[in-house]
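Asker: Below is the sequence, then the predicted model.
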Protein chains: 2
Amino acid sequence: MTRTLHLNAFLMNTGHHEASWRLPESDPYAHVDLAHYVKLARIAERGTFDSLFLADGPQLWSNLAQRPAGALEPLTLLTALATATEHIGLIATASTSYNSPYNLARKFASLDIISGGRAGWNIVTTAGAEAARNFGLDAEPAHAERYARAAEFLDVALKLWDSWEDDAIVADKAAGVWGDDAKIHPARHQGTYFSVAGALNVPRSPQGYPLLVQAGSSEDGKAFAARYAEAVFTAQQTLADARSFYTDLKARAERAGRNPDHIKVLPGIVPVIGSTEAEARAAEQALEDHIVHEHGVARLENLLHLEPGTLDLDRELPADLPPESAIEGAKSRYTLVVELARRERLTVRRLIGRLGGGRGHLTFAGTPEQVADVIETWFTQGAADGFNIMPAVLPSGLETFVDQVVPILRFRGLFRTAYGPRRTLRGRYGLPRPANQYLSPAPTLV
Amino acid sequence: MTRTLHLNAFLMNTGHHEASWRLPESDPYAHVDLAHYVKLARIAERGTFDSLFLADGPQLWSNLAQRPAGALEPLTLLTALATATEHIGLIATASTSYNSPYNLARKFASLDIISGGRAGWNIVTTAGAEAARNFGLDAEPAHAERYARAAEFLDVALKLWDSWEDDAIVADKAAGVWGDDAKIHPARHQGTYFSVAGALNVPRSPQGYPLLVQAGSSEDGKAFAARYAEAVFTAQQTLADARSFYTDLKARAERAGRNPDHIKVLPGIVPVIGSTEAEARAAEQALEDHIVHEHGVARLENLLHLEPGTLDLDRELPADLPPESAIEGAKSRYTLVVELARRERLTVRRLIGRLGGGRGHLTFAGTPEQVADVIETWFTQGAADGFNIMPAVLPSGLETFVDQVVPILRFRGLFRTAYGPRRTLRGRYGLPRPANQYLSPAPTLV
Ligand SMILES: Cc1cc2nc3c(=O)[nH]c(=O)nc-3n(C[C@H](O)[C@H](O)[C@H](O)COP(=O)(O)O)c2cc1C
Ligand SMILES: Cc1cc2nc3c(=O)[nH]c(=O)nc-3n(C[C@H](O)[C@H](O)[C@H](O)COP(=O)(O)O)c2cc1C
């Protein structure tokens, strides 16, 4: 089989650009409007995307003034979208730091059943003290500790998802025997962070368990991804960086005894599309003109762990920033932003403009052909198995991508023209259904 | 306004009777089939029920052999049903002992938004050691401690649900001001069981917060209900008991400074309907004939906190059972079962037969008129504001109730003939939209 591109639609309010809500076309209440998301989901499904994705964090980002704040809880919203769509995968972010494995495993299994095998989990460890303080902690747990807890969380969740063998239900009405208790495997987990005795109270789901997605790119993040993740979202600014990330992650997966084809790497791209290059750039500029820079400065200081008031809009970043090893928050995003600013010698104002669209993801303004070219180049040159499409403005940016870029990708033979017979999310991504850890030899169904 | 009856459809797998899955008409996989629940929801909505309800516990009931085990997580399933229905309320059970307030408050607010104000929460403290052992505990927390945690959980959740004033979103595109941070109220809660600093990350929902429902009838349970609950599910075997429960709860609510009309009491009833009394009794007998009594004995020993092997199918309960005060599990159900057995001098076999349909709820076999009579009597004689309808077999039992009993209740002027203009679940139950605790004087919208 020829290698095919995978596309994920990263949905966010009125778009990924922080100023998108200010455009005349945007509905500032869209982020809590089911109809908005149903519309987006249907556009993405028309474009035969592999999946939809919702980011999340269990805290209110500090400032309401700057842009739409708050969001519907992703598992809830994606469950509602499951009934409004037929084919597309549904990837919800949930934190291993602020959930318990039993409840979360159950919810994902339920969504997988309800959606007919279309659930995915973006596994995050959640940076920041705000979230920690909503869950009884005084401060953010250390980075390494968050990832240690995440690994144990996955071990428990995987036990729970396998706790019913696929054929545990017997349904023998005449004998009065509904199920076979010998095919139930209680978790019996006693660890550092969790102890969970019982079996899950949902049968094994169509996919066995949700597609496991990960999105942290620090050392710990990559080690975690190599072990557990089947798809990886990542922010990459240059082809060279993306290639080395890609190569590194595949090699790590292989060293962990896995098939490197079974971990799909999806960098983010914020496409701003115009019928000419000039038109695309003008659209980008119009968005940048709507940025309120004071908000941007505060956010940047927060990301870089600087005191409020440190940064000057018309100067470059200070030279004496700490190394990534000193950062307990989002490590890889810190490094990406600092390197971007240094490489292009950006003032704080310009840096805020550059981050406004994609918060560190590749932003690209151009014609549909030019966007398709970037995608093809990264895909064929060992930098990506697909892309996380992050339209600057929604729904219009997704609509334009589906109507104008997708046909080019299809014409070039890079992307599917229709959903095939494999109905599950793993099927879309060309991944096998996982075997049950309690069975050997493990049967592998696709 | 004349007082009107409220009806809640308590959905459970193939029905409330433990042997219902064995009937020829029943699908033994129904409990994990969205289509089954969509069908039930639409029948209930055709019958202009106030709400749907799903029970839950975060554990696998021990034995798979006896009957369908496991269930879709209620918030997930009800979210899917929100998009398949228009009017009916959606009441999900969730435990205060095994959730964190921030996550749960967020999920209910999300469902309330997605459903247009139709969310309800059945607040339970979850009896049993099995659940505790899935959440890092060795044993069930003491009954009083579970209720103390429940009260603090509610205080935190209520702060979170009020943390956005209703008009916090400004949406001033020209000025670049999306929201008013002065209308956000962080929880700033530091208590015995929880500390939660921030505001919720969802705007205040259509109902303000979900309808608060409660279903424990012990002393602590009633005290909790009097303070927080707007609707109470209860199991009552006799009109006299139901009247004293009703009177007691209304008086408690009044003593707590509340309007007693704002706490609705809904006893459960398991109607087995036939076109003649004999036909109804035959249907009841057919169900009882499908009970596997060995399973029933084990369950009864568990509920009564007896060693396995203590009970004899053909004798009455032992005389020396401990008093309710010694029970740390489900106190009020314990007392109800013991009193039922003693009052009617039932053998264990007969007791299992009596509990098979409703696990302690009133079971009643009769014609549609007879069922309507019971409902009318309890409703008009101070024993109920409505009923929790628990069909022995699903979907057929719900269908029969809607097609044959609801028309009689409507004809008698006891029940609505169509959904009125009040679109929220609280509106259906005739309750006001709660004011925001951070505003005074509190405006009360309906
Ligand atoms: C596309 C993408 C989406 C992400 N979504 C989330 C998210 O929803 N919630 C979150 O807490 N972190 C999210 N992250 C951040 C990472 O999961 C991770 O928390 C962060 O990068 C810090 O991890 P690191 O220190 O390993 O880099 C996302 C990252 C990427 C690239
Ligand atoms: C109609 C009804 C439904 C109930 N549903 C649940 C449930 O879903 N989960 C649960 O843990 N307890 C449920 N209960 C039990 C009570 O909430 C409570 O846990 C139990 O009765 C013990 O409380 P008590 O000791 O105050 O009586 C239900 C009770 C009734 C009457």
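Answerer: Perfect, thanks for sending it. Ligands and ions are numbered 1, 2, ... in the order given.

Asker: residue contacts, the nearest residue to residue A:207 once chain neighbours are set aside?
Answerer: Spatially, and ignoring its direct neighbours in sequence, residue A:207 is nearest to residue A:117 (4.6 Å; CB to CB, 6 or more residues apart in numbering or on different chains). Quick note: C-beta positions are derived from backbone N, CA and C, even for glycine. By CB atoms under 8 Å, 6 or more residues apart in numbering or on different chains, the contact set of residue A:117 is A:205, A:206, A:207, A:423, A:424, A:425, A:426, A:427.

Asker: Of those - the most surrounded one?
Answerer: Highest neighbour count within the contacts of residue A:117: residue A:425, with 29 neighbours (other CB atoms under 10 Å in any protein chain shown).

Asker: I figured that residue hits residue A:120, correct?
Answerer: Yes - if you go by CB atoms under 8 Å, residue A:425 and residue A:120 touch, sitting 5.5 Å apart.

Asker: Overlap in contacts, these two.
Answerer: With CB under 8 Å, 6+ apart as the test, residue A:425 and residue A:120 both reach A:51, A:89, A:90, A:91, A:210, A:211.

Asker: And the strands in chain A?
Answerer: Here chain A has its strands, by DSSP state E, at A:6-10, A:51-54, A:89-95, A:119-124, A:169-172, A:177-179, A:189-190, A:195-196, A:211-214, A:231-234, A:264-273, A:362-366, A:386-389.

Asker: Any idea which of those gets closest to residue B:157?
Answerer: strand A:89-95 (19.1 Å; CB to CB).

Asker: Can you list the helices and strands that the closest one packs against?
Answerer: Here strand A:89-95 touches strand A:51-54, helix A:74-82, helix A:101-114, strand A:119-124, strand A:211-214, helix A:425-428, going by 3 or more CB pairs under 8 Å, 6 or more residues apart in numbering or on different chains; DSSP states H and E.

Asker: For the last one, name the packing helices and strands.
Answerer: So that's helix A:425-428. strand A:89-95.

Asker: at 10 Å what do you get?
Answerer: Packing contacts for helix A:425-428, counted by 3 or more CB pairs under 10 Å, 6 or more residues apart in numbering or on different chains; DSSP states H and E, involve strand A:89-95, strand A:119-124, strand A:211-214.

Asker: and the direction of the longest one versus that of strand A:119-124, what angle?
Answerer: In terms of direction (axes from the mean of the first three to the mean of the last three CA atoms, to 10 degrees), strand A:89-95 departs from strand A:119-124 by 30 degrees.

Asker: Strand A:89-95 close to ligand 1?
Answerer: Yes - judged by CB under 6 Å from any ligand atom, strand A:89-95 comes into contact with ligand 1 through residue A:93.

Asker: right, and residue A:113 touches residue A:119 too?
Answerer: Yes - if you go by CB atoms under 10 Å, residue A:113 and residue A:119 touch, sitting 8.6 Å apart.

Asker: residues contacting the residue in the stretch 201-350 of chain A positioned nearest to chain B?
Answerer: Nearest residue of the stretch 201-350 of chain A to chain B, counting by CB to the nearest CB: residue A:201, 4.2 Å away. Counting by CB atoms under 10 Å, 6 or more residues apart in numbering or on different chains, residue A:201 makes contact with A:102, A:106, A:109, A:160, A:163-164, B:56-61, B:69-73, B:130-131, B:134.

Asker: Just the ones in helices from those, please.
Answerer: A:102, A:106, A:109, A:160, B:130, B:131 (DSSP state H).

Asker: The residues you listed also near ligand 1: which ones?
Answerer: Applying CB under 6 Å from any ligand atom to the ones in helices among the contacts of residue A:201, none is adjacent to ligand 1.

Asker: List only buried entries from these.
Answerer: Among those, those classed as buried by neighbour count (16 or more other CB atoms under 10 Å in any protein chain shown) are A:102, A:106, A:109, A:160, B:130, B:131.

Asker: Show me which pair in these is furthest apart.
Answerer: It's A:109 and B:130 that sit farthest apart of these, by CB to CB, at 18.0 Å.

Asker: where does the closest residue to ligand 2 within the stretch 201-350 of chain A fall, phi/psi-wise?
Answerer: Closest to ligand 2 within the stretch 201-350 of chain A is residue A:201: 12.0 Å, counting by CB to the nearest ligand atom. Note on residue A:201: its backbone torsions stand at phi -100, psi 40 [degrees, to the nearest 10].

Asker: quick one, what contacts residue A:176?
Answerer: So residue A:176 contacts B:19, B:21, B:22, B:65, B:66, B:67, B:290, B:291, B:292, B:294, B:295 (CB under 10 Å, 6+ apart).

Asker: correction: residue A:133
Answerer: Residue A:133 neighbours (CB under 10 Å, 6+ apart): A:59, A:139, A:140, B:102, B:186, B:187, B:188, B:195, B:196, B:197, B:198.

Asker: what do you get for residue A:202?
Answerer: A:105-110, A:112-113, A:160-161, A:163-164, B:31-32, B:60, B:69-73, B:76.

Asker: Pull up the residues of the stretch 201-350 of chain A that are close to chain B.
Answerer: A:201, A:202, A:203, A:204, A:205, A:290, A:291, A:292, A:294, A:295 (CB under 10 Å from any CB of the partner chain).

Asker: by how many degrees do the helix or strand of chain A with the lowest mean pLDDT and strand A:362-366 diverge?
Answerer: Ranked by mean pLDDT, DSSP states H and E, the weakest helix or strand in chain A is helix A:348-358, scoring a mean of 86. Here helix A:348-358 points in a direction 80 degrees away from that of strand A:362-366 (the same axes, to 10 degrees).

Asker: Looking at the contacts of residue A:133, spot the one nearest residue A:284.
Answerer: The closest of the contacts of residue A:133, once distances to residue A:284 are taken by CB to CB, is residue A:59, at 30.1 Å.

Asker: Looks like that closest one contacts residue B:163 (just checking).
Answerer: No - the pair residue A:59 / residue B:163 is not scored as a contact, 11.7 Å apart, by CB under 10 Å.

Asker: Show me which residues of the stretch 301-446 of chain A are close to ligand 1?
Answerer: So far as CB under 6 Å from any ligand atom goes, the stretch 301-446 of chain A lies against ligand 1 at A:330, A:331, A:332, A:333, A:388.

Asker: Just among the residues you listed, which is most surrounded?
Answerer: Busiest of those [other CB under 10 Å] is residue A:388, holding 27 neighbours.

Asker: Report the closest residue of the stretch 1-150 of chain A relative to ligand 1.
Answerer: For the stretch 1-150 of chain A, CB to the nearest ligand atom, closest residue to ligand 1: residue A:55, 3.0 Å.

Asker: so what's that residue closest to, chain neighbours aside?
Answerer: residue A:93 (5.2 Å).

Asker: same deal with residue A:17?
Answerer: Nearest one to residue A:17, counting by CB to CB, 6+ apart, is residue A:392 at 4.0 Å.

Asker: Look at that neighbour and report its pLDDT.
Answerer: Looking at residue A:392, its pLDDT is 96.

Asker: tally of neighbours for it?
Answerer: Applying other CB under 10 Å, I find that residue A:392 has 26 neighbouring residues.

Asker: Kindly report the same for the one 3 residues further on.
Answerer: A total of 23 residues lie near residue A:395 under the criterion other CB under 10 Å.

Asker: distance of it from residue B:270?
Answerer: Counting by CB to CB, to the nearest Å, the gap from residue A:395 to residue B:270 is 48 Å.
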